[in-house]
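give me the fold of what follows.
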Amino acid sequence: MPRSSKNSSAKGGPVTLAMVAARAGVSAQTVSNAINSPDILRPDTLERVRRAIDEMGYRPSRAAQTLRTRSSKLIGYGIQPTPPGTGAAVMDRFLHALSQAVDEAGYRILLFASPPGSPSLKGYEELLAQHEVDGFVLSGTDRSDPRQAWLTKRGVPFVGFGRMWSGRPVGDWVDVDGASGTDAAVEHLVTLGHRKIAFLGWERGSSGAGDDRAEGWLRAMKRHGLPTRGRRGQSMNDIDAARAAVKPLLDAGATAVIAASDMLALGCYQTLRERGALPGRDVAVVGFDDSPTAEILSPALTSVAQPLEEVGQECVRLLLARIAAPDAPPERILLQPSLVIRDSTTSMSITDE
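Numbering: from 1, shown residues only. Below you'll find the predicted structure:
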């Protein structure tokens with residue numbers, strides 16, 4: 001990911017100090033003075049230069065200058081509120097792993113609040129204006145996320161926990177191969193004799209990570225020649241919504257359900273119990289994320305675990321490498337999850353479907 005102390009022009013190239021000078025009808029030195037020593041300029045000249053800077057979107061990267069001279073040793077990380085009915089355990093574990101890795105590297109995490117909903121640029125703009133951070137770690141990356149392109153345009157170092165799911169890929173990222181995790185879950189269930197394996201995920205297109213997990217299930221089912229029609233359910237990441245969404249899958253005779261999150265798996269558990277059935281004994285259930293709840297459920301939930309400690313370490317490594325070498329090619333790392341097998345899939349035997 002190329003990094004520059006300048007923004008991009010309307011034609012896609014960097015907006016240079018010389019371009020601003022030409023727009024304002026002054027010399028490049030005058031533009032530099034307007035930025036660094038505005039008091040030496042005449043008010044009308046200063047106003048003309050500042051207007052050109054605003055019109056062209058030019059942002060002199062003093063943060064980038066700070067990186068080269070007197071690093072703040074601070075890494076910015078925006079925290080979004082957790083919506084009701086969803087679990088925050090996964091991101092809590094990631095933040096702990098990230099903080100530990102940052103601390104070991106001699107840096108500190110600077111947390112700031114991000115508004116709920118789609119990623120906002122507000123906190124990033126404010127921190128950059130105050131020159132308080134050396135770079136950012138992004139999480140919750142998804143389709144139409146503006147942050148990567150915005151930071152790249154301004155030459156600000158960043159690394160994403162999560163891929164860019166749309167648009168032109170830019171920047172460094174670390175992600176977990178969700179498709180590999182659900183693929184492994186199907187393999188485990190097939191080994192146990194299951195053929196009617198359903199998938200309970202989030203709404204199609206609502207989440208890049210969710211679609212990735214669905215793709216792994218679909219890929220493995222096709223590899224084994226197993227039917228998928230009528231075997232995929234959709235739900236919000238909410239227990240009550242999952243309870244309703246899994247009912248048609250069970251009515252269609254599914255003997256196993258792979259859920260896109262442990263939260264959805266909990267909804268499966270509740271619906272099975274409402275029907276007098278027991279997870280693991282009557283229908284196998286697999287979750288995703290291996291949250292702390294998974295091992296204390298009864299029966300304990302088989303779940304796909306994300307290597308969050310490794311994610312945190314790799315995010316810090318890539319970010320510090322970007323700070324040290326701004327013009328190096330982007331690095332992107334896809335880590336493998338692991339299937340933690342528990343009683344929700346091992347206490348039943350399928351002999352003939």
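
could you pull out the helices in this protein for me?
17-24, 28-36, 43-56, 62-69, 89-104, 122-130, 147-153, 178-191, 208-223, 239-251, 262-274, 308-324, 343-346 (DSSP state H).

tabulate the ones you listed (CSV), appending distance to G140 and mean neighbour count.
Any C-beta I mention is one placed from the backbone N, CA and C, and that applies to glycine too. Below are the helices of the chain laid out as CSV (distance: least, Cβ to Cβ, whole Å; neighbours: other Cβ atoms under 10 Å):
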stretch, distance to G140, mean neighbour count
helix 17-24, 34, 18
helix 28-36, 34, 17
helix 43-56, 30, 15
helix 62-69, 23, 16
helix 89-104, 8, 18
helix 122-130, 13, 16
helix 147-153, 9, 20
helix 178-191, 15, 22
helix 208-223, 10, 20
helix 239-251, 20, 19
helix 262-274, 16, 23
helix 308-324, 13, 20
helix 343-346, 28, 22
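
would you single out the least confident of these?
Lowest mean pLDDT within the helices of the chain: helix 62-69, a mean of 46.

that older thread, will you turn the helices of the chain into CSV that also has distance to I79?
Formatted as CSV, the helices of the chain follow (distance: least, Cβ to Cβ, whole Å):
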stretch, distance to I79
helix 17-24, 35
helix 28-36, 32
helix 43-56, 30
helix 62-69, 21
helix 89-104, 8
helix 122-130, 9
helix 147-153, 14
helix 178-191, 22
helix 208-223, 18
helix 239-251, 23
helix 262-274, 19
helix 308-324, 15
helix 343-346, 32
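
so which of those is nearest S114?
Among those, the nearest to S114 by Cβ to Cβ is helix 122-130 (5.7 Å).

can you tell me what sits against that closest one?
59, 63, 76, 78, 110, 112-115, 133, 136, 147, 150-151, 154, 156 (Cβ atoms under 8 Å, 6 or more residues apart in numbering).

repeat for stretch 235-251
Outside stretch 235-251, the residues that reach it (Cβ under 8 Å, 6+ apart) are 83, 85-86, 198, 200-203, 230-231, 233-234, 257, 259-261, 263-268, 270-272, 274-275, 283.

next one: stretch 195-204
With Cβ under 8 Å, 6+ apart as the contact definition, stretch 195-204 has outside contacts at 182, 186, 189-190, 210-211, 213-214, 217-218, 221, 226-227, 231-237, 242, 245-246, 249, 252-260, 264-265, 267-268, 350, 353.

would you mark the buried spots in it?
Across stretch 195-204, burial judged by 16 or more other Cβ atoms under 10 Å covers 195-202.

chain center to it, what's the gap?
22 Å (Cα atoms, centre = their mean, to the nearest Å).

just the CA trace of that stretch, in PDB.
Below are the C-alpha coordinates for stretch 195-204, written out as PDB (Å, rounded to 0.1, in the frame of the first residue of the first chain):
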ATOM      1  CA  ARG A 195     -26.100 -36.400   5.300                       C
ATOM      2  CA  LYS A 196     -28.900 -33.900   6.000                       C
ATOM      3  CA  ILE A 197     -26.700 -31.100   7.200                       C
ATOM      4  CA  ALA A 198     -28.300 -27.600   7.400                       C
ATOM      5  CA  PHE A 199     -26.700 -24.200   7.700                       C
ATOM      6  CA  LEU A 200     -28.100 -21.400   9.800                       C
ATOM      7  CA  GLY A 201     -26.500 -18.100   8.900                       C
ATOM      8  CA  TRP A 202     -27.000 -14.400   8.600                       C
ATOM      9  CA  GLU A 203     -29.000 -12.800   5.800                       C
ATOM     10  CA  ARG A 204     -27.300 -13.200   2.400                       C
END
